[in-house]
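Colleague: This is a predicted model, with the sequence first.
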Amino acid sequence: MAAKYCREEKVPFLGICLGFQAMVVEYARNILNWKDANSTEFDENVSKPVIMFMPEIDKDNMGGTMRLGSRATRFTHTADDYSMSVSQCLYLLAPEHGNDGIIWERHRHRYEVNPEFVDEVHDAGLKFVARDADSGTRMEIAELSTREHPYYIGCQYHPEFQSREMHPCPPSFPFRLF
């Protein structure tokens, strides 16, 4: 409900990990009209599993089986006018996170966007602007165009894990303005 409220009312939104997943589910439900869209974390038998358990993770042995640690993320999408995504612009202000279109952020999760639904969600307007640098199949950052919303961004990783007092995480930079 928070993701929907923020999207509809143009309230700045930063979804981290589960918040990112919630914004994808909300978008699928309310923009694509997939009323049964959900995460398999909450409903294993859902007919539109837009968020799924990572296939290589062992459900029976939970200790240390998450996607953990620092991982490379590659920016893959530009706007229709070929400009950079908002997220990429923010990371350019923080070169300590990476450069050349690749950033390094820390992960801690077992669920991710289901690749089967990526194109439909992306084509409907919630742009997946960055993916994992290894295979390109894991969605890392999603955002709405600034023509649609002043700041509606989600990331699968945890940018706050690298934040420091004088060096906050790049996705949080705009909140100083609101």
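Modeller: Nice, I can see it.

Colleague: Spell out the residue ranges of the helices in this structure.
Modeller: 2-9, 18-30, 86-92, 118-124 (DSSP state H).

Colleague: The nearest residue to Thr73 once chain neighbours are set aside and Arg74: what is the separation?
Modeller: The shortest distance from Thr73 to any non-neighbouring residue, by Cβ to Cβ, 6 or more residues apart in numbering, is to Glu140 (4.3 Å). Every residue, glycine included, has its C-beta placed from N, CA and C. Using Cβ to Cβ, to the nearest Å, Glu140 is found at 8 Å from Arg74.

Colleague: any common contacting residues for these two?
Modeller: Ala130, Arg131, Asp132 (Cβ atoms under 8 Å, 6 or more residues apart in numbering).

Colleague: Surely the last one is in contact with Phe75?
Modeller: Read that as Asp132. No: using Cβ atoms under 8 Å as the test, Asp132 is too far from Phe75 to be in contact (11.7 Å).

Colleague: When those two are compared, which one has more neighbours?
Modeller: Phe75 (23 against 20; other Cβ atoms under 10 Å).

Colleague: contacting residues around that one?
Modeller: Phe75 sits in contact with Met84, Ser85, Ser87, Gln88, Tyr91, Gly101, Ile102, Ile103, Val129, Ala130, Ile141, where contact means Cβ under 8 Å, 6+ apart.

Colleague: quick one: which of these is nearest Pro12?
Modeller: Ser87 (13.7 Å; Cβ to Cβ).

Colleague: Local confidence estimate at the closest one?
Modeller: On the pLDDT scale, Ser87 is placed at 90.

Colleague: what about the residue nearest to it when sequence neighbours are not counted, distance to Asp36?
Modeller: Leaving aside its sequence neighbours, Ser87 sits nearest to Ile141 (Cβ to Cβ, 6+ apart; 4.9 Å). Ile141 is 26 Å from Asp36, where distance means Cβ to Cβ.
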